Structures are given as structure tokens and as C-alpha cells.
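>>> Just to be clear, the model below is a prediction. Sequence and coordinates:
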Amino acid sequence: MISLTLKQTIKRNLFGIITVLLSAIILLVFLFASDGIASLQEIGPSLSVSWLLLAIGLSASTWVLEGLTLNLFCKILCPQWTFRYSLDIGLLGILYSALTPFSTGGQPMQIFYMKRLGMDVGKSGSIIAMKTLVYQVIMVLSALLMVVMRLGFFQREVSNFSFVTVIGVLSNSTFIALLLLFTISRKGTEKVLKKGLYFLNRIHLCKNPEERYHRINDQLMLFHNGARIMGKKRRVYIAGSLLTIVQIFVGYLVPYCLYRSFGFSGQDVLTIMAAQAFVTMISAFVPLPGASGGAEGSFYLFFSMFFTGGTIVPAMVLWRAITYYMNIAAGAVAAGFVDKLTPIVDENPLHHDQKKEE
């Protein structure tokens, strides 16, 4: 008989459990539909353990780089914040991004947990928005750089490459533009908020839009105050951008290590990194938790030319395990530890700064 505690845990994490099961089912479909299990059993003993461990190590190192970058931004507004807090919050962001559609759940949950750890909401909102903006801009620029460097190759080898690339760039650029509007233009944000709330009121999804607007707008004032303070720290943005570049390109190296672990060596590292850049950009806006289906499909599209001889499905399974399921496991561990951390005392909340300005 299932205990009450276990039932409560399952109920509280039902959405995440369904998400992981959905992704696992998609992987199993790929495995069974293409004799992938037989291929994996046949290839498994011949895999290079050193290259496979390097792929795992590189993927894990992106967690550390995520924490380091987040910590840089946190230190601007909250000097008493530590790397331990940033590492846990970074992993929680990775976890909830993997469990929600369009990867939208990571940032709100980071703000929620940062508040629980004692940071002012206005500060945490500004920090997460600025870091997300830096990451998205660099991710799109890196993908465009790869397009320029390997344009001819992928146009020849990948059907509908131009269409896929344009859709990926447009969707990511739209997200960046909206984030910029939210971060830079206080008046623009207020207009969008007010119109959005009144629209929701008309379709009976939001009661008392005026009251709700003022409540949310108070938090937006704190957010923009934090963004204004952070906007003056150019050195931090440069350092954060450099760390983000390293983080993204380290992640791009994971498929190359898998490629070498299968015993292949004919393709250069930049071409395989370019393929991963496209997969990352396309998967970012697949409207399913963890980009389920989209991630597997785009990997198959871009990497089937490299993993030949029936190895593409086993490679995809290992890639998904390292870059998705391992992230969920690490994030779950972080979720268990974050509640044991001692909350900080935020000595200078933005509420006080706002009152001084008024």
C-alpha cells in the first residue's frame, strides 16, 4: 500500500513525472521502431569509455559554469550571496526548464527559490531577466556564426535547412525582443500588462484587473529599479558573457565526444558543434516539456549524416540521457538541498531604494 507521504510527493510532482515519462516514451518509440535496442546492445561493448566519460564531464561542467555566471549577477545586487546558492538555483532553473513547455518554468522557479533564500523579489527578477537575456543573445549569435561557417555543408546535407534555420532564428529573436522590452521599457511593459489583464478579464480569466495591475506593477517597479542598477555594471556583463560563451560551446562539444566514443573520426569538431547549435536553437521553442519529440527529431535530422551504420538511434539515446535526464537528476538533488540552506539577510532590499527615490 502506497504511504500518504509518497502519494503527496507524487501529486506535487505529477507534471514533472508525466513530462519525464513522455520523453522516455518518445525515446522508446525511436528505439523499437528502428531496431535501436539491438544496435545499442551490439555497439555498447565497443564504445570508448574515455570519450563517453568526457561527454558526461563536459555536460556536468555546464552546471558549474551556470552557477558561476549566475553568481556574478547576484553579487551586484546582493554581496552576501554565495556560489553555493547560485549553483543550486542554477540547477533548479535547468530542472524546471526541462519539465515545462517552451522551457518557461525555469526562471519563475528560480525567482521563487531565491526569495525563499532571502533575496528581494525585485533583485532576483532583475538578475534572472538579465542573465536570461545574455544567454539567449549569445546562443542565437553562436548559432548564426555556425551558419556562416558551415552554411554550404548543411545546405547540401540537410533538407529544408534554410527554412528550419529561419524559424529557429525568428522564434529566438522574438523572445529576445520581448525580454528587452520587459527589461528596458517600463512604460511599454506597463501597457502590455494592463492590456493583457483587461483582455483576460473580458474572457473571464482574471477578476479585478485594476487591483491586480497595481499589485503586479509594484513588483515591476522594483524589477526595473534593479535592472537600472545592474545596467551600469559593464565589467560584470563582459565577464558573464565570456562565461556564457564557454558554457554554450562546452555544451556543443558533447555530441562530438559521443561521435568519437562510437569510433568515428572523419568529421571535424566545428561541423558537429554547428549541428548541435542548430539543434539547441530549434529545440528551445518546441511547445512540449523538455522539447520532447523536437529535440530527438532535430538531433536525428542533423546528426544522421555523422552517426552512420545504424548508430544514430543509440547515439541519440545517449545524447538525450547525458543532456536531459542527467540534468533532471542533478536538479532533483539540488531541490533536495536548497531547503537546507540558511536564508540570507538581505540588508538592502529594493523596496528601500524605491522609497528613497520617491
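That came in fine, so what should we check first?

>>> Grab the longest helix from this structure for me.
Once the chain is assigned using DSSP state H, the helix that runs over the most residues is helix 121-157.

>>> buried stuff in that one?
Within helix 121-157, the residues scored as buried using 16 or more other C-beta atoms under 10 Å are 121-140, 142-144, 146-147, 150, 154. (Glycine included, C-beta is placed from N, CA and C.)

>>> just checking, what packs against it?
Contact partners of helix 121-157 among helices and strands, from 3 or more C-beta pairs under 8 Å, 6 or more residues apart in numbering; DSSP states H and E: helix 49-77, helix 106-116, helix 161-184, helix 209-230, helix 234-261, helix 269-283, helix 350-357.

>>> quick one: the first one to helix 106-116, angle?
With axes from the mean of the first three to the mean of the last three C-alpha atoms, to 10 degrees as the criterion, the two stretches helix 49-77 and helix 106-116 enclose an angle of 60 degrees.

>>> Rounded mean pLDDT for the next helix or strand after helix 49-77, please.
Tracing the chain C-terminally past helix 49-77 and defining elements by DSSP states H and E, one meets helix 83-99 next. Summarised as a single mean, pLDDT over helix 83-99 is 91.

>>> Also stretch 271-283?
Mean predicted confidence for stretch 271-283 is 87.

>>> Can you give the contact residues for it?
When contacts are taken as C-beta atoms under 8 Å, 6 or more residues apart in numbering, the neighbours of stretch 271-283 outside the stretch itself are 139-140, 142-143, 146-147, 149-150, 153-154, 164-165, 167-169, 172, 248-249, 251-256, 259, 291, 294-295, 298-299, 302-303, 306.

>>> okay, it in PDB with CA atoms only?
Coordinates of the C-alpha atoms in stretch 271-283 are reproduced here as PDB (Å, rounded to 0.1, in the frame of the first residue of the first chain):
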ATOM      1  CA  THR A 271      30.900  20.900 -38.100                       C
ATOM      2  CA  ILE A 272      29.500  18.800 -35.300                       C
ATOM      3  CA  MET A 273      29.400  21.700 -32.900                       C
ATOM      4  CA  ALA A 274      27.400  23.600 -35.600                       C
ATOM      5  CA  ALA A 275      24.900  20.800 -35.800                       C
ATOM      6  CA  GLN A 276      24.400  20.900 -32.100                       C
ATOM      7  CA  ALA A 277      24.000  24.700 -32.300                       C
ATOM      8  CA  PHE A 278      21.100  24.300 -34.700                       C
ATOM      9  CA  VAL A 279      19.500  21.500 -32.600                       C
ATOM     10  CA  THR A 280      19.700  23.800 -29.500                       C
ATOM     11  CA  MET A 281      18.200  26.700 -31.200                       C
ATOM     12  CA  ILE A 282      15.400  24.700 -32.800                       C
ATOM     13  CA  SER A 283      14.600  22.800 -29.600                       C
END
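
>>> circling back: the longest helix of the chain to helix 269-283, inter-axis angle?
Taking the same axes, to 10 degrees, helix 121-157 and helix 269-283 form an angle of 120 degrees between their directions.

>>> quick one: Ile89 and Lys115 touch, right?
No. Between Ile89 and Lys115 there is no contact under C-beta atoms under 8 Å: 10.8 Å.

>>> Low-confidence bits of the stretch 1-150 of the chain, can you list those?
When residues are selected by pLDDT under 70, those of the stretch 1-150 of the chain lie in 1-45, 101-105.

>>> Please tabulate the helices and strands packed on helix 121-157 in CSV and include distance to Arg202 as additional columns.
Output for the helices and strands packed on helix 121-157, formatted as CSV (distance: least, C-beta to C-beta, whole Å):
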stretch, distance to Arg202
helix 49-77, 38
helix 106-116, 25
helix 161-184, 22
helix 209-230, 9
helix 234-261, 40
helix 269-283, 35
helix 350-357, 32
